[in-house]
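Enquirer: What shape does this take:
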Amino acid sequence: MAVQHAPAAHRLALPVLLTGTCLIVLDFFIVNVALPSMQAELRASSAALEWVVAGYGLTFAVLLLAAGRLGDRFGRRRTFLAGLTLFTLASAGCALAPSAGALIGARLAQGAGGALISPSVLALIGVLYDGPARARAIGTYASVMGVAAAGGQLIGGLLLHADVAGLGWRLVFVINLPLGIAAIALTRRCIPESRPAANAAVDGPGLVLVTAAMTALVLPLVDGRDSGWPWWTFACLATAPLLFLAFGRRQRSIARRGGAPLVDLALFRTRSFVAGSLTQLLFWSGQASYFLVLALYLQLGRGLSPLRAGLVFSVLAAAYLGTSLKTAALAARFGRRVVIAGAAALAAGHLLALGVVAGTGTTGPVLLLAPSLLLAGAGMGLCLAPITATVLAAAQPQQAGAVSGLLSATQQVGNAVGVAAVGLVFFGTVHRGYAFAFEVSVGLLAVVLASAAVCARQLPSHR
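Expert: Sure thing, here's the model as predicted:
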């Protein structure tokens with residue numbers, strides 16, 4: 001496919017692109033330590049708290065399927081700029097939210113903005129940089145993602161502790177505004193437009209089907225318990241697989257006619273992709289959900305301030321960063337065994353946390369949790385990049401874009417579904433105490449991560 005290549009990259013092009021990446025990753029995790037403050041001020045229900053986290057991942061996941069196609073059709077810089085603008089405006093909406101419903105609506109819009117930003121960044125890096133420069137740019141991109149994910153809770157704790165102008169939890173969204181505005185202002189100046197010579201239309205009906213399917217799955221899991229499990233919750237859960245089936249049939253029909261489906265179902269005929277998708281889904285189902293229940297246990301159960309809770313998370317972040325710096329070399333030498341070891345370490349970390357909390361409840365030194373956090377952080381670092389890298393290594397070159405896009409979408413689906421399912425368990429048992437709710441939740445997460453380790457055994461053995 002012919003591409004309109006850009007001239008030599010402006011020296012600020014990569015920082016601008018990475019600012020967008022940092023914002024969308026950071027905002028998934030930074031809210032965790034702010035949730036108790038949000039709940040108190042907005043009188044939000046537990047379901048509303050779950051939607052603040054899961055809603056972001058839901059719109060991100062669904063629109064990510066079409067976002068790359070939109071970039072090809074309307075221009076990657078234009079799509080990146082639209083995503084930045086939407087994300088920044090939605091951040092202002094979050095900061096000004098007068099109610100939990102308004103906050104959830106703004107978070108859904110943030111997720112939509114993130115979906116437009118994410119594929120545009122990688123596409124523009126691919127156009128602006130070649131050879132070693134591209135490898136360095138992608139390496140920096142991966143590092144920024146990792147730091148933003150691992151450090152989100154600590155940054156959130158610092159912002160809440162600073163409490164500038166008495167803004168409290170709203171500051172975690174206000175901080176996006178100057179960064180977003182600066183990135184918007186510099187995008188037109190530093191980043192040239194780029195689009196393929198030919199592009200395909202976006203499958204609008206397919207996008208509606210998959211949105212309806214995801215909503216039918218997540219909505220009852222989040223709202224069912226608070227609503228007393230009315231009839232519509234069971235109707236949604238029964239309808240979700242039918243909607244997914246209709247979506248799959250439409251994608252198959254479009255492919256048969258020679259069109260460009262949102263999801264290339266032919267990929268699911270390869271064992272490596274199926275195993276990689278399942279491993280990715282299980283792994284990410286345990287990430288945002290773990291951060292959510294850990295933050296609630298530390299702050300509402302143990303009574304830690306947002307800053308102290310963020311410092312506890314920094315133990316996990318340090319272990320993550322320490323192992324993630326070595327994963328490329330380890331994956332090159334040991335292949336899928338790195339992913340298996342990482343998922344097993346995560347499961348072991350959760351079981352260790354379960355044992356500690358079972359013995360101490362909400363009292364005792366919080367440092368007793370440090371070994372479990374170190375294990376969990378190390379496991380995250382070993383899994384995060386090698387899952388995608390291992391699957392891509394087995395893919396045909398012409399499939400690389402489709403594979404990476406679907407794995408990214410699976411990541412966001414896992415985050416949304418994981419928060420919904422684990423949140424259902426946590427808030428369904430919290431009447432017996434925060435310690436018990438945390439124990440049951442991390443026990444479930446240990447099973448999920450052990451299942452990810454089993455699935456990882458089916459990944460291609462290429463190194």
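
Enquirer: Secondary structure element for residue 109, which one?
Expert: helix 100-128 (DSSP states H and E).

Enquirer: Okay, buried residues for that helix please.
Expert: For helix 100-128, burial by neighbour count (16 or more other CB atoms under 10 Å) applies to 100, 103-128. Just so you know, the C-beta spots here come from the backbone N, C-alpha and C atoms, and that holds for glycine as well.

Enquirer: looking just at contacts, which helices and strands does that helix meet?
Expert: helix 13-29, helix 35-42, helix 46-74, helix 76-96, helix 131-162, helix 400-429 (3 or more CB pairs under 8 Å, 6 or more residues apart in numbering; DSSP states H and E).

Enquirer: any idea which of those is most buried?
Expert: The highest average neighbour count among the helices and strands packed on helix 100-128, using mean count of other CB atoms under 10 Å, belongs to helix 46-74 at a mean of 25.

Enquirer: and the angle from that one to helix 13-29?
Expert: 150 degrees (axes from the mean of the first three to the mean of the last three CA atoms, to 10 degrees).

Enquirer: what separates helix 46-74 from the chain centre, distance-wise?
Expert: With CA atoms, centre = their mean, to the nearest Å as the basis, helix 46-74 stands 10 Å off its chain's centre.

Enquirer: any idea which element the residue nearest to residue 224 when sequence neighbours are not counted lies in?
Expert: Distance criterion CB to CB, 6 or more residues apart in numbering; nearest residue to residue 224, sequence neighbours excluded, is residue 233 at 4.1 Å. For residue 233, the host element (DSSP H and E) is helix 231-256.

Enquirer: now the angle between helix 46-74 and that helix, please.
Expert: 20 degrees.

Enquirer: Could you identify the helix or strand that succeeds helix 231-256?
Expert: Trace forward from helix 231-256 with DSSP H and E and the next one is helix 271-285.

Enquirer: Check what pLDDT residue 2 gets.
Expert: Residue 2 is assigned 39 on the pLDDT scale.

Enquirer: residue with max distance from the center of this protein?
Expert: residue 257 (33.3 Å; CA atoms, centre = their mean).

Enquirer: what are the phi and psi angles of that residue?
Expert: phi -80, psi 0 (degrees, to the nearest 10).

Enquirer: Ok, residue 202 next?
Expert: Per degrees, to the nearest 10, the backbone of residue 202 is at phi -80, psi 140.

Enquirer: Could you check how far it is from residue 85?
Expert: 19 Å (CB to CB, to the nearest Å).

Enquirer: What segments of the stretch 351-463 of the chain are helices?
Expert: Assigned by DSSP state H, counting those that start in this stretch, the stretch 351-463 of the chain shows helices spanning 370-394, 400-429, 434-456.

Enquirer: Put together CSV for those helices, with mean pLDDT on each row.
Expert: Listed next are those as CSV, based on pLDDT from 0 to 100:
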stretch, mean pLDDT
helix 370-394, 86
helix 400-429, 85
helix 434-456, 96
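
Enquirer: right, and these - which one's nearest residue 300?
Expert: helix 434-456 (5.8 Å; CB to CB).

Enquirer: Just name whatever secondary elements the closest one is in contact with.
Expert: helix 271-285, helix 288-296, helix 336-360, helix 370-394, helix 400-429.

Enquirer: Name the stretch among the ones you listed that sits most buried.
Expert: Most buried of the helices and strands packed on helix 434-456 by mean neighbour count (mean count of other CB under 10 Å) is helix 288-296; its value is a mean of 26.

Enquirer: outside of that one, which residues touch it?
Expert: 28-29, 32-33, 35-36, 50, 53-54, 57, 153, 309, 312-313, 350, 376, 415, 418-419, 421-423, 426, 434, 437-438, 441-442, 445 (CB atoms under 8 Å, 6 or more residues apart in numbering).

Enquirer: Kindly report the same for stretch 44-56.
Expert: 27-28, 31-32, 35, 38-39, 42, 100-101, 103-104, 107-108, 110-111, 114, 218, 222-223, 225-227, 288, 292, 415-417, 419-420, 423, 427, 430.
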